[in-house]
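> 3D model of this:
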Amino acid sequence: MRKIKATAAVLLACALSLSACARNELAAFYDIGRFGSVVRWAYIPEQTQDAQAIWSQLSASAQEIEADITTESADSSIARLNAAAAGERVKIGKIAYDVLIVAQEMYAQTGGKYNPATGLLVDLWGFSPRHRASDYTPEQPYDRADYTSELPDEKYIRAFSSEGMLDFGAVELGEDENGYYAVKPENACVEVDGVTYTMQLNLSGIGKGYCADRASEILSAAGQQYGYYNLGGSSMLLLADPSASDGVWEVTANAPRPLPEGSHYATLRARDMVITTSGDYEQYYEIGGVRYCHIIDPDTGYPIGTDGSRSQLSHVVCASIVGGSAAEGDARATAMCCMSLEEALAYAAAHADTFRTLFVWYDAQTNEYTAYSNLEDWRLDTSLMRAEAIA
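Below is the predicted model of the structure:
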């Protein structure tokens, strides 16, 4: 029987949670299954004119965004681009174009650590939506019947990690009299055992953040000052907490190892900003005591914290980005999980004027966890890890 932990898709689990989310001052609308998560908008009924109309706008926006960038529908812009041959030009929607522009900016800013061109690797390791289906059956030459107990063939890891396949910066984006378009790079293809594969994009590491940014515009236009908009806990737009005198929310960050599942390791205080989180505890399976998660390191072709040695490596196990845009934060949190400790510290410090960071580093040599942060208002809530400030 296949076993895979995917807490991001479980309705009651989230990477970030609000200590005041059940207070009587707020009511909420829910949308189950959007972006593989629960979307929740919380608001003050007495101060909200026509809440249903606002929620309808939020829902329509989320549906429109997901429809254009999902890989689960053959009609989406990204699915059509993925199906294109190397060098082919594909007409895409404005949403896909806008998301891809942000993605390329983050790809450049993070030195390629955020790389949505890892789509084939994500599929190879068993983290595409089709793998979570109850009726999953192998359909690709590289598929394994039980992908949670058997590692991929090394030849596919090498092929899908080749330079041309991962050169996301070479994807050409533009606009002409016919609308927006994208061109897949001519060398974005590789052949394995007579089968040709081309670059595949996966925007799951930025899509929910983009949705949160659009929700911010809708709520601002509607005059909303209180409440929050939450996409599965990994992308969260905070307005003000109506039950706090200063309007500041207390947000808890769910614990990675070594804390018990369902507990939290830190609490931060924030309002009128976005928080995004990524980590290796959202979707993963274990083989031989090694955790293989859905975040693929583009430098190795392996899930973060692993390589061909079949041993757990030191790595960033989770990262939260506070401030800036949610779409950029989504990409930055994913990128930081692919960085070395020195790279993550330097990146956080270099951009402290735009966003603040909280991340957990696992040292495989000492089996210790350390929380690093440059947040102004936060606390560590466990004695099982230590805290260090980001200079």
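> only C-alpha atoms for contact and neighbour calcs from this point on.
Fine.
> any idea how far residue 52 is from the spatially closest residue to residue 48 that is not a sequence neighbour?
In space, residue 48 comes closest to residue 224 once its chain neighbours are excluded; the distance is 7.4 Å by Cα to Cα, 6 or more residues apart in numbering. Per Cα to Cα, to the nearest Å, residue 224 is found 13 Å from residue 52.
> Name the residue in these two with the higher neighbour count.
Neighbours per residue, other Cα atoms under 10 Å: of residue 224 and residue 52, the larger number sits with residue 224, 19 against 11.
> Return the distance of that one relative to residue 230.
On the measure of Cα to Cα, residue 224 and residue 230 end up 15 Å apart.
> which phi and psi does the closest residue in space to residue 157 that isn't next to it in sequence have?
Once flanking residues are discounted, residue 157 sits nearest to residue 301: 5.8 Å by Cα to Cα, 6+ apart. Note on residue 301: backbone dihedrals following degrees, to the nearest 10 are phi 80, psi 0.
> Show the model's pLDDT score for residue 301.
At residue 301, the pLDDT value in this model is 98.
> residue boundaries of the helices in this protein?
51-69, 77-83, 94-109, 119-124, 154-160, 163-166, 207-221, 326-336, 341-350 (DSSP state H).
> Report the mean confidence score over the longest one.
To tie it back to what came earlier, the one meant is helix 51-69. The model assigns helix 51-69 a mean pLDDT of 98.
> Okay, buried residues for that helix please.
Within helix 51-69, the residues that count as buried by 16 or more other Cα atoms under 10 Å are 51, 54-55, 58-59, 61-62, 65-69.
> Sketch out the strands for the stretch 101-250 of the chain, chain order is fine.
172-176, 179-183, 189-192, 195-198, 228-231, 235-238, 249-254 (DSSP state E, counting those that start in this stretch).
> show me where pLDDT drops low in the stretch 201-350 of the chain?
Residue ranges of the stretch 201-350 of the chain with pLDDT under 70: none are present.
> Surely residue 380 touches residue 264?
No. Between residue 380 and residue 264 there is no contact under Cα atoms under 8 Å: 9.3 Å.
> Mind listing the shared neighbours of these two?
Residues touching both residue 380 and residue 264 by Cα atoms under 8 Å, 6 or more residues apart in numbering: none at all.
> Which residue of the two possesses the greater neighbour count?
The residue with more neighbours, out of residue 380 and residue 264 and counting by other Cα under 10 Å, is residue 264; that gives 20 against 17.
> so the more buried one bridges to which residues?
Going by DSSP bridges, residue 264 is paired in beta bridges with residue 254.
> returning to what we had before: okay, the strands of the stretch 101-250 of the chain in JSON lines with distance to residue 114 and mean neighbour count next?
Below are those laid out as JSON lines (distance: least, Cα to Cα, whole Å; neighbours: other Cα atoms under 10 Å):
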{"stretch": "strand 172-176", "distance to residue 114": "17", "mean neighbour count": "14"}
{"stretch": "strand 179-183", "distance to residue 114": "19", "mean neighbour count": "18"}
{"stretch": "strand 189-192", "distance to residue 114": "20", "mean neighbour count": "16"}
{"stretch": "strand 195-198", "distance to residue 114": "19", "mean neighbour count": "15"}
{"stretch": "strand 228-231", "distance to residue 114": "20", "mean neighbour count": "26"}
{"stretch": "strand 235-238", "distance to residue 114": "17", "mean neighbour count": "27"}
{"stretch": "strand 249-254", "distance to residue 114": "22", "mean neighbour count": "23"}
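> Ok, which of these comes nearest residue 162?
strand 189-192 (8.1 Å; Cα to Cα).
> For the closest one, C-alpha coordinates in CSV please.
Coordinates of each C-alpha in strand 189-192 appear next as CSV, following Å, rounded to 0.1, in the frame of the first residue of the first chain:
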residue,chain,number,x,y,z
CYS,A,189,14.8,18.6,-24.4
VAL,A,190,16.5,15.4,-23.6
GLU,A,191,16.2,11.8,-24.8
VAL,A,192,16.2,8.7,-22.6
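> Tell me who's in contact with the residue nearest to residue 157.
Residue 301 sits next to 121, 157-158, 160-161 when contact means Cα under 8 Å, 6+ apart.
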